[in-house]
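**Q** The following block contains a protein sequence and its predicted model.
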Amino acid sequence: MNDERRREPTRWLVLGGVLALVLIGVGAELLLRAAPTVEQPEDLRVEDLPPLAIAGATMCTRRQDDPTAAELRVQVPPDGRISSEQVFACPRAFDQLRVTYAGEVVGELLPRRGGVWAQINDDDYALRVGPISGHRELRGFNTGLAVWLPDGLHEQIDGLGRPGQRGDVVLLTGRVLRADPADGGGITLRADRLEVLAPSVEVPPPLHVPQAIVAGLLALAAAIVGVRAWVLPRD
């Protein structure tokens, strides 16, 4: 009998915890669906990009004699435009090739002796629709390349991509390295030419009123609990 009595509070605690998690998940989804959107400026779509040298992305294996890599390699002319998706799908096909690459400078520039490292994305958020915080339209994952920009190139960059801002969109020419020792063996693009195609654009997210109200109520509840715990006498 005593065992049953001890189990009863535990059972209700577990059920209460599960119910709380469900309510939190449902509430978060409802807030997400209620998020306001903004009308994106027309100039967020980058026009007049050079066409890709290869249509789509083709996977290849790690075998040295994989014919797919050799077939793709001969399709890329000197300074032909490639995408990060294509490079990651078959790195061997692009190793040491001189290519053109377009994308948005995001995050931070990491200074090193002789230049900076930059993350440059070429996904839809970079070249077509802008930061997701404004339009809430899912367009797949963020994709891009780590790029080395020597001194004399990175100084042209003024704006970096972040929530609420589409960074400078640049057109780069350089050489792909499948295993760059300066980047811990990662895939990189060593650029030697840079042109800014589109300057950075501010896209501030609109005020999410329901989210602000919920955040205010939760903060008030936390404050009340904290005050009660502080003022109540302790045994």
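**A** Cool, the structure landed. Numbering: from 1, shown residues only.

**Q** Can you tell me what sits against stretch 65-74?
**A** 54, 58-61, 86, 90, 92-94, 97 (CB atoms under 8 Å, 6 or more residues apart in numbering). Just so you know, the C-beta spots here come from the backbone N, C-alpha and C atoms, and that holds for glycine as well.

**Q** if you set the cut-off to 6 Å instead, what comes out?
**A** 60, 90, 92-93 (CB atoms under 6 Å, 6 or more residues apart in numbering).

**Q** Ok, stretch 140-151 next?
**A** Counting by CB under 6 Å, 6+ apart, 84-85, 103, 114-116, 118-123, 183, 188-191 sit against stretch 140-151.

**Q** try 7 Å this time
**A** Stretch 140-151 is touched from outside by 84-85, 87, 101, 103, 114-125, 172, 183, 186-191, 194, with contacts defined as CB atoms under 7 Å, 6 or more residues apart in numbering.

**Q** Now stretch 66-73: average pLDDT?
**A** When pLDDT is averaged over stretch 66-73, the result is 89.

**Q** chain center to it: distance?
**A** 29 Å (CA atoms, centre = their mean, to the nearest Å).

**Q** Please identify the helix or strand for the closest residue to Arg193 other than its chain neighbours.
**A** Nearest residue to Arg193 in three dimensions, chain neighbours excluded: Thr173, at 4.0 Å (CB to CB, 6 or more residues apart in numbering). Using DSSP states H and E, Thr173 sits in strand 169-180.
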